[in-house]
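Participant: for reference, the sequence and a predicted model appear below.
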Amino acid sequence: MSDDGQVLDFLRVQFARMDSRFDRLEQKVDELTTRVGALEIAVGGVKRDVGELQATVAHLSVRIDGIERRIDRIERRLELSESSDARV
């Protein structure tokens, strides 16, 4: 019976250690889940910012195109530009 008692005591100690390890692993998984959630929020913010920058670039491109057309028209009126045949 003494051997059985020792085996049971050994198993209790091992299971207690395993239980402690599982608790630590569970805590780490919870922490990582929280951190991943925060990263997902941050990535969403970055995507939003990139979208806003793309819209700004598109808006500026349209404005530049308009300014370029106006300058071309002014140059033609003032006869500052080369003939339209020589333009590329």
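Facilitator: Noted; the coordinates are in hand. Numbers count the residues shown, from 1 in each chain.
Participant: show me what contacts Ser61?
Facilitator: By CB atoms under 8 Å, 6 or more residues apart in numbering, the contact list for Ser61 is empty. Backbone N, C-alpha and C define where each C-beta goes, glycine included.
Participant: next, it: secondary structure please.
Facilitator: When classified by DSSP: H, G, I helix; E, B strand; the rest coil, Ser61 comes out as helix.
Participant: Gly51 and Asp4, how far apart?
Facilitator: Using CB to CB, to the nearest Å, Gly51 is found at 69 Å from Asp4.
Participant: check Ala38 too.
Facilitator: 51 Å.
Participant: SS state for the residue nearest in space to the middle of the chain?
Facilitator: In the chain, the residue lying closest to the centroid (CA atoms, centre = their mean) is Val43, at 2.9 Å. Under three-state DSSP, Val43 falls in the helix class.
Participant: ok, it - contacts?
Facilitator: With CB under 8 Å, 6+ apart, Val43 has no contacts at all.
Participant: repeat for Glu79
Facilitator: Contacts for Glu79 (CB under 8 Å, 6+ apart) come out as none.
Participant: what secondary structure does it sit in?
Facilitator: coil.
Participant: how about low-confidence regions in this structure?
Facilitator: For the chain, the stretches with pLDDT under 70 are 1, 82-88.
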